[in-house]
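everything below, folded, please.
(2 chains)
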Amino acid sequence: MALPIYLIAVNYAAWFVFMFISVVWILVMLDNRGKKDKTRTFEKLPAVSILIPAYNEGETIGRTIESVLSLDYPKRLLDVIVINDCSTDKTKEIAEKFAMQGKIRLLNNTPNRGKAYSLNRALKFCRGEFVACIDADSIVERAIIKKLLSCFHEDRVAAVAPALKVWKSDSWLEKVQTAEYVLNTFLRKILSFMDAIHVTPGVFSMYRLNALKEADGFDENNLTEDMDMALKLHDRGYIIETNLNAMSYTMCPGKWRELYRQRLRWYRGGIANTVKYKHMLFNPAYGNLGMFFLPVSLISVLSIMAVFSSIVYTYFDSLSSFAWRLSLINFDFLFLIGKMDLSIVLEEMMTTSLVLGAVGMALGGCLLWASSRSVNSSLKSNAGGYLLYLLLFPFIMMVFWTSAIMHEIAGARKRW
Amino acid sequence: MLLSALIITGLIFFSGFSIGYSFNTGKLSAVESDIATVTKDIQNFQLEFLMFDVLGEKSACPLLSSTLSEINVRSEKIGNRLEMLSPDSEIKDYASYVEMKKEYSRVLLGYWLLANKFKKACESNISTVVYFYANQCDSCGDQSFVLTYLKKRYNETLLIFALDADLEEPSVRTIKEFYNVTVYPTLVIDGAIMAGFQKTEVLESQLQK
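Numbers count the residues shown, from 1 in each chain, chains lettered A, B, ... in the order given. So this is what the prediction gives:
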């Protein structure tokens, strides 16, 4: 089925956008190879508060609290606050056990108020100069505090993001996400070179308490309050850094339904925040964030939509007509297959689209390889995951993005 | 830095396009040489026809039949290659492509006329189908599909000649007017005109006759 000219043009334009983004990443990466990160050392170690908001994380919160309590940092300078957001499972009991041993402080919300509210409430009780927020299903490496602190090389650095890895990957879905998290961690480093980090992940990003207070805390009406916080900090002239050696581990959705809900929230949040901070778009005052990253993210989402609709147009139009045509020949499908000429099929594949697609894949492959090297995890250990991520994942994400866009346009109710 | 990235991407994109274009140019030259070969085959066929009077039916017909098969195979290949180049997303030398389509139509018409002559002279049971299609034709895709299927079923006893009625080619226009073709698709099966989309069963019963 032939595509109309405008859809063809749109497809080529979309490929161009994706290639452009990849080329920028690669150029920035090459530009900054071997550069030493700016660091600082503290003569006197500062006090650090750790916030653990939790809603029905009874299965994992014990492990998270243990992980935080065994951090390599002087106990007297560490202050752990768990915020139980009106959980209905064992979360409260488990947290209370630790509280009774005096190891943590426990705050209880009634009723359920959301993650941002929980964090904001806890901020009032913080005693440290720095604050780290961690999800109740994640764990961190023992040296993470010192590693993150070392990146606060000047007062303007308001937040430092760690390297985010997937803790367990058994199913294929989890393996693909592992590849994705590795790439995202790497891209975050590249963004830090461009001073354009747009999200401080909710898994042990460390903030300066003053900066958070000055930014009026987390936005309680936002689906992705971590992205909102990052953009807000940029808006106020702060810098955000990332440390690829600071390891944090999180659980990723193992089931499609969970993944869909997570991505719907992420992508809807992304759209909403881009709209909220639209004054940054194409605004030189916001450097690479405003001139490059936010606009191209917006354009790539639109491109994804365009490519997706043309795929639907091509294949569903063909699928339905193919089904109809099969009926015309009384479904003598096997006969058709038997008489197919392989050499023609192969020749048919040597097209312009294929060449461009191959180049695009090559660029993507380069980036994946570079990212796996940067976090010291070999491509081979998760070869299948990386391959599936490169070839299949974008199409699935296209579906999720479409859904997210439709939800946002329809002004649907927000669900966390 | 963003500017250099833009330039680099432009270069990569442009080379991708160029590679695609050279692929298609290669395909077009392959078609051109195939057309030259099949034209020679048709000349052979005409020569063999002339020998018919000398050699008589018994000797000439097998020879003619085998030459016809060769023409059949080559012509199908040309048709497939041109079909692959037809989508607008294929970057190609459009003028050359159209010229090649016109040349191919002329080859097809010569082939069709000779096939009809052969059918009469050798009392062969082959069927010839002239298939007129056009751009703005909704059911032409379905018709092509059905014809391809039938072709695979009947193999050499069914010869299909697909003509693009939109081509500005005098010989095609002449045949169109001769059969009074106004709607698309239109099929001419062994001289019988059938206008509009025809189902498999209808075609098969027509072919049995």
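
residue ranges for the strands of the stretch 51-200 of chain A, please.
Remark: strands assigned in the stretch 51-200 of chain A by DSSP state E, counting those that start in this stretch are A:78-84, A:105-108, A:130-133, A:139-140, A:157-166.

and the stretch 301-416 of chain A, by the same measure?
Going by DSSP E, counting those that start in this stretch, the stretch 301-416 of chain A shows no strands.

re the thing from before, make TSV out of the strands of the stretch 51-200 of chain A and add mean pLDDT, distance to A:P46 and mean neighbour count.
C-beta: built from backbone N, CA, C; applies to glycine. Putting these into TSV (pLDDT from 0 to 100; distance: least, C-beta to C-beta, whole Å; neighbours: other C-beta atoms under 10 Å in any protein chain shown) gives the following:
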stretch	mean pLDDT	distance to A:P46	mean neighbour count
strand A:78-84	92	11	23
strand A:105-108	90	19	16
strand A:130-133	94	6	26
strand A:139-140	94	18	24
strand A:157-166	93	13	25
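
quick one: which of those strands is nearest chain B?
The minimum distance between chain B and these falls on strand A:157-166, with 22.7 Å, by C-beta to the nearest C-beta.

what about A:R373, how many residues nearby?
Using other C-beta atoms under 10 Å in any protein chain shown, A:R373 has 13 neighbouring residues.

what sits up against stretch A:318-325?
Contact with stretch A:318-325 is made by A:M1, B:G141, B:D142, B:F145, B:V146, as judged by C-beta atoms under 8 Å, 6 or more residues apart in numbering or on different chains.

count the neighbours of A:K44 for me.
Residues within reach of A:K44, counting by other C-beta under 10 Å, total 6.

which other helices and strands does the helix or strand harbouring B:L11 contact?
In this assignment (DSSP states H and E), B:L11 forms part of helix B:2-55. Applying 3 or more C-beta pairs under 8 Å, 6 or more residues apart in numbering or on different chains; DSSP states H and E, we find helix B:2-55 packed against helix A:5-31, helix A:352-374, helix B:57-85, helix B:94-122.

contacting residues for A:I240?
By C-beta under 8 Å, 6+ apart, A:I240 lies in contact with A:V157, A:A158, A:A159, A:V160, A:A161, A:S192, A:D195, A:I197, A:T200, A:A230, A:L233, A:H234.

one more time with 10 Å
Shown in contact with A:I240 (C-beta atoms under 10 Å, 6 or more residues apart in numbering or on different chains): A:151, A:156-161, A:188, A:191-192, A:195-200, A:205, A:207, A:229-231, A:233-234, A:289.

quick one, which of the contacts of stretch A:318-325 are buried?
The neighbour count (16 or more other C-beta atoms under 10 Å in any protein chain shown) marks B:G141, B:D142, B:F145, B:V146 as buried among the contacts of stretch A:318-325.

what's the closest of these to A:K124?
Ranked by distance to A:K124 (C-beta to C-beta), the buried ones among the contacts of stretch A:318-325 are led by B:G141 at 68.1 Å.

what about the closest one, distance to B:I78?
B:G141 is 20 Å from B:I78, where distance means C-beta to C-beta, to the nearest Å.

likewise for A:Y207?
Noted for A:Y207: a distance of 69 Å to B:I78, by C-beta to C-beta.

wait, isn't A:K168 in contact with A:S138?
No - A:K168 lies out of contact with A:S138 (C-beta atoms under 10 Å); the separation is 11.7 Å.

hey, what's in contact with both of these two?
Common neighbours of A:K168 and A:S138 (C-beta under 10 Å, 6+ apart) are A:Y249, A:M251.

with neighbour numbers in mind, choose between these two.
More crowded of A:K168 and A:S138, by other C-beta under 10 Å: A:S138, with 24 against 11.

can you pull the contacts of the closest residue in space to A:T60 that isn't next to it in sequence?
Leaving aside its chain neighbours, A:T60 sits nearest to A:D137 (4.1 Å; criterion: C-beta to C-beta, 6 or more residues apart in numbering or on different chains). Residues near A:D137 by C-beta under 10 Å, 6+ apart: A:54, A:57, A:59-61, A:63-64, A:167, A:203, A:249-252.

likewise B:E156?
Contacts of B:E156 (C-beta under 10 Å, 6+ apart): B:S65, B:L68, B:S69, B:N72, B:V73, B:S124, B:I126.

ok, 8 Å please
B:L68, B:S69, B:N72, B:I126.

between the residues you listed, which is closest to B:L187?
Using C-beta to C-beta, the contacts of B:E156 come closest to B:L187 at B:I126, 15.8 Å.

picking that back up, adding distance to chain B, write the strands of the stretch 51-200 of chain A out as CSV.
Shown next, in CSV, are these (distance: least, C-beta to the nearest C-beta, whole Å):
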stretch, distance to chain B
strand A:78-84, 41
strand A:105-108, 46
strand A:130-133, 33
strand A:139-140, 34
strand A:157-166, 23
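
how about the residues of chain B near chain A?
Residues of chain B lying close to chain A (C-beta under 8 Å from any C-beta of the partner chain) are B:1-2, B:4-6, B:8-9, B:12-13, B:16-17, B:19-21, B:23-24, B:27, B:80-81, B:84, B:86-91, B:141-142, B:145-146, B:149, B:152-153, B:199-200.

and the residue of chain B nearest chain A?
B:G20 (2.7 Å).

before we move on, back to that, any of the contacts of B:E156 buried? List them.
B:L68, B:N72, B:I126.

pLDDT for those - can I get that in TSV?
Listed next are the buried ones among the contacts of B:E156 as TSV, based on pLDDT from 0 to 100:
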residue	pLDDT
B:L68	88
B:N72	88
B:I126	89
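
would TSV of these with distance to A:L294 be doable?
As requested, the buried ones among the contacts of B:E156 are exported to TSV (distance: C-beta to C-beta, whole Å):
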residue	distance to A:L294
B:L68	66
B:N72	60
B:I126	67
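
between those, which is closest to A:I26?
Of all those, A:I26 sits closest to B:N72, with 52.0 Å by C-beta to C-beta.

got a list of what the closest one touches?
Contact analysis of B:N72 by C-beta under 8 Å, 6+ apart lists B:E156, B:L159.

ChimeraX command to pick out the buried ones of the contacts of A:I240?
To isolate the buried ones among the contacts of A:I240 in ChimeraX, judged by 16+ other C-beta under 10 Å, type:
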select /A:151,157,158,159,160,161,188,191,192,196,197,198,199,200,205,207,229,230,231,233,234,289
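
hmm, back to that, mind checking which of the contacts of A:D137 are buried?
A:A54, A:E57, A:T60, A:I61, A:R63, A:T64, A:W167, A:V203, A:Y249, A:T250, A:M251, A:C252.

in this structure the residue of chain B closest to chain A contacts A:V359, no?
No - with contact defined as C-beta atoms under 8 Å, B:G20 does not reach A:V359; the gap is 10.6 Å.

please say which of those two ends up with more neighbours.
Taking other C-beta under 10 Å, B:G20 and A:V359 do not tie; B:G20 has more neighbours (21 against 18).

domain map for chain B?
Annotated domains of chain B cover B:1-121, B:125-209 [automatic domain parsing].

ok, chain A next?
If you go by automatic domain parsing, the domain ranges for chain A are A:5-30+A:291-409, A:46-276.

ok, residue 174 - how many residues close by?
Picking chain A for this. Residues near A:E174, counting by other C-beta under 10 Å: 19.

um, chain B though
Counted with other C-beta under 10 Å, B:T174 comes out at 11.
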